[in-house]
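A.B. asks: sequence? don't have it. structure:
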């Protein structure tokens with residue numbers, strides 16, 4: 001019999017204690033998911049995530065001291081292996097898009113049902129992106145990806161290998177999985193990703209995926 005896999009470790013970041021309590025109650029009754037920390041501000045979220053190094057942070061956007069967008073950006077830079085999933089309400093779509101541009105892997109509405117919440121946490125921990133087509137369209141539909149409006153770029157700008165790596169990014173694969181799938185080293189994958197970013201004029205995987213979907217750069 002195979003040994004049980006390690007639980008998915010989650011940090012809850014929301015300035016409302018009742019929201020954190022509700023999320024904890026849901027997650028603590030689920031096998032394979034463990035809440036390892038909580039935070040009431042963006043600054044606390046970053047500190048707790050860097051201390052605990054969880055698999056997933058559920059990040060509220062509107063928090064005091066440091067908001068969720070800034071906290072997400074810091075975690076993307078300082079702990080890129082931690083998947084940030086935004087917690088959002090229906091009236092803060094602009095902030096949600098800003099959070100995704102900052103490096104969040106996806107988003108959840110605060111009124112999400114239990115099954116969707118659990119599925120989203122597992123998907124984020126597995127390295128998958130959690131974005132719908134209309135959200136991807138908003139990511140590339142306005143300024144903010146690289147300081148201005150993104151221009152359409154022909155697929156021919158990318159080499160065949162770069163397009164293969166970009167396709168893997170769209171699937172949500174991590175560098176290790178990409179390297180194994182293409183028979184190359186992780187260092188080579190990182191070099192291809194850097195080249196893709198440069199050619200597409202983006203700074204994050206989220207933005208690269210959004211452009212790839214919008215412009216049909218991969219199948």
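C.D. replies: Thanks, I have it. Here the structure is a predicted model, which means the values were calculated and not measured. Numbering: from 1, shown residues only.

A.B. asks: how near is residue 121 to residue 25?
C.D. replies: To residue 25, residue 121 is 15 Å away according to C-beta to C-beta, to the nearest Å. All C-beta spots, glycine's among them, are computed from the backbone N, C-alpha and C.

A.B. asks: Who has more neighbours out of these two?
C.D. replies: Neighbour count, other C-beta atoms under 10 Å: between residue 121 and residue 25, residue 121 has more, with 24 against 10.

A.B. asks: Quick one: neighbours of the closest residue in space to that one that isn't next to it in sequence, just the number.
C.D. replies: The spatially closest residue to residue 121, leaving aside those adjacent along the chain, is residue 56, at 5.4 Å (C-beta to C-beta, 6 or more residues apart in numbering). By other C-beta under 10 Å, the residues close to residue 56 number 23.

A.B. asks: again with the one 10 residues further on
C.D. replies: Neighbour count for residue 66, taken as other C-beta under 10 Å: 16.

A.B. asks: was I right about it contacting residue 47?
C.D. replies: No - using C-beta atoms under 8 Å, residue 66 makes no contact with residue 47, being 10.0 Å away.

A.B. asks: what about residue 26, neighbour count?
C.D. replies: For residue 26, the neighbour count with other C-beta under 10 Å is 16.

A.B. asks: next structured bit after the longest helix anywhere in the chain?
C.D. replies: In the chain, assigned by DSSP state H, the helix with the most residues is helix 186-200. Going down the chain from helix 186-200, the next helix or strand is helix 205-215, by DSSP states H and E.

A.B. asks: how distant is that following helix from the center of its chain?
C.D. replies: Offset of helix 205-215 from its chain centre (C-alpha atoms, centre = their mean, to the nearest Å): 13 Å.

A.B. asks: wait, is residue 23 part of a helix?
C.D. replies: Yes - judged by DSSP: H, G, I helix; E, B strand; the rest coil, residue 23 forms part of a helix.

A.B. asks: So the residue nearest to it when sequence neighbours are not counted, which state does it fall into?
C.D. replies: Nearest-residue entry for residue 23: residue 12, 5.3 Å, with adjacent residues in sequence omitted and distances by C-beta to C-beta, 6+ apart. The assignment at residue 12 comes out as strand when based on three-state DSSP.

A.B. asks: Could you report the distance from residue 12 to residue 162?
C.D. replies: Residue 12 is 37 Å from residue 162, where distance means C-beta to C-beta.

A.B. asks: Compare the two (neighbour count), which wins?
C.D. replies: residue 12 (26 against 19).

A.B. asks: tell me the phi and psi of the closest residue to residue 89 other than its chain neighbours?
C.D. replies: What sits nearest to residue 89 in space, not counting adjacent residues and going by C-beta to C-beta, 6+ apart, is residue 110, at 5.4 Å. Here is the backbone geometry of residue 110 (degrees, to the nearest 10): phi -70, psi -20.
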